[in-house]
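> Turn this into a structure:
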Amino acid sequence: MNPFTADKIFTGKDFTKNPLFKGDYENCEFHGCDFANGYLDNQNFMECRFVECNLSNANLAHTTFKEVSFSHCKMMGLQFENCNDFLLDFSFTDCILDFSSFQGLTLTKQLFTNCSMIQVDFTEANLAHAVFARCNLDRAAFLQTHLEGTDFTTALNYTMDPEQNQLKKAKFSKAGVLGLLKKYDIVIKGLE
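You can find the predicted model right below:
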């Protein structure tokens, strides 16, 4: 049985050399910790906070994130589809998620706030009613993605094919509509 850790604060720890013990972490906080290229696989995080941590390229295989928040974290190249998708619930604020993948995940009502999401893969994900508030979605992949009611009104640099995604009731700004029409190579006066 995995050890159980609750209500603990980890500050400035380098988990690249000495990995975090495999276990269940509840209501714990990680501040300025380094997990880059490390192993977070088979961990259970419940109601935890990660602040100013580096999790880039960490192994997330079978990891559980339930009510977990990430703030000001560097999270490049993460394969979130390898996580345990049962009870998957997290939020991202001011994070760098470039080159990460959420392929095939159900992330309804997911909140991304002020994140860099360059070349993130959302292929076949369910993002119904998600919010991309002030996120940079440059070259993010949306293919066969469920985007019903998703809010892109303040998102930047996204492109997607309306014929390859479910966009019913999705919200876009007037300027953002260009990202939906890019494949047609047309010019819309007044919006360039």
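> can we go C-alpha only for contacts and neighbour counts from here?
Noted.
> can you list contacts of whichever strand in the chain runs longest?
With DSSP state E setting the assignment, residue counts place strand 64-71 as the longest strand in the chain. Contacts of strand 64-71 with the rest of the structure, by C-alpha atoms under 8 Å, 6 or more residues apart in numbering, involve 42-52, 83-95.
> mind listing which of these are in strands?
Among the contacts of strand 64-71, the members found in strands (DSSP E) are Asn44, Phe45, Met46, Arg49, Phe50, Val51, Asp89, Phe90, Ser91, Phe92, Thr93.
> if I read this right, the first one contacts Cys28, doesn't it?
No - distance between Asn44 and Cys28: 11.2 Å, which falls outside the contact criterion (C-alpha atoms under 8 Å).
> what kind of secondary structure is the residue lying closest to Ala140 once chain neighbours are set aside in?
Nearest residue to Ala140, sequence neighbours excluded (C-alpha to C-alpha, 6 or more residues apart in numbering): Gln119, at 4.2 Å. Of the three states, Gln119 takes coil according to DSSP: H, G, I helix; E, B strand; the rest coil.
> about what we covered before: going through the ones in strands among the contacts of strand 64-71, which ones are buried?
Asn44, Phe45, Met46, Arg49, Phe50, Val51, Asp89, Phe90, Phe92, Thr93 (16 or more other C-alpha atoms under 10 Å).
> Spit out the contact partners of the third one.
With contact set as C-alpha under 8 Å, 6+ apart, Met46 has these partners: Asp24, Tyr25, Glu26, Asn27, Thr64, Phe65, Lys66, Glu67, Val68.
> Repeat that for the second one.
The contact partners of Phe45, by C-alpha under 8 Å, 6+ apart, come to Asp24, Tyr25, Glu26, Thr63, Thr64, Phe65, Lys66, Val68.
> Report pLDDT for it.
pLDDT recorded at Phe45 is 97.
> So what pairs up with it in the strands?
Under DSSP bridges, the beta-bridge partners of Phe45 are Tyr25, Phe65.
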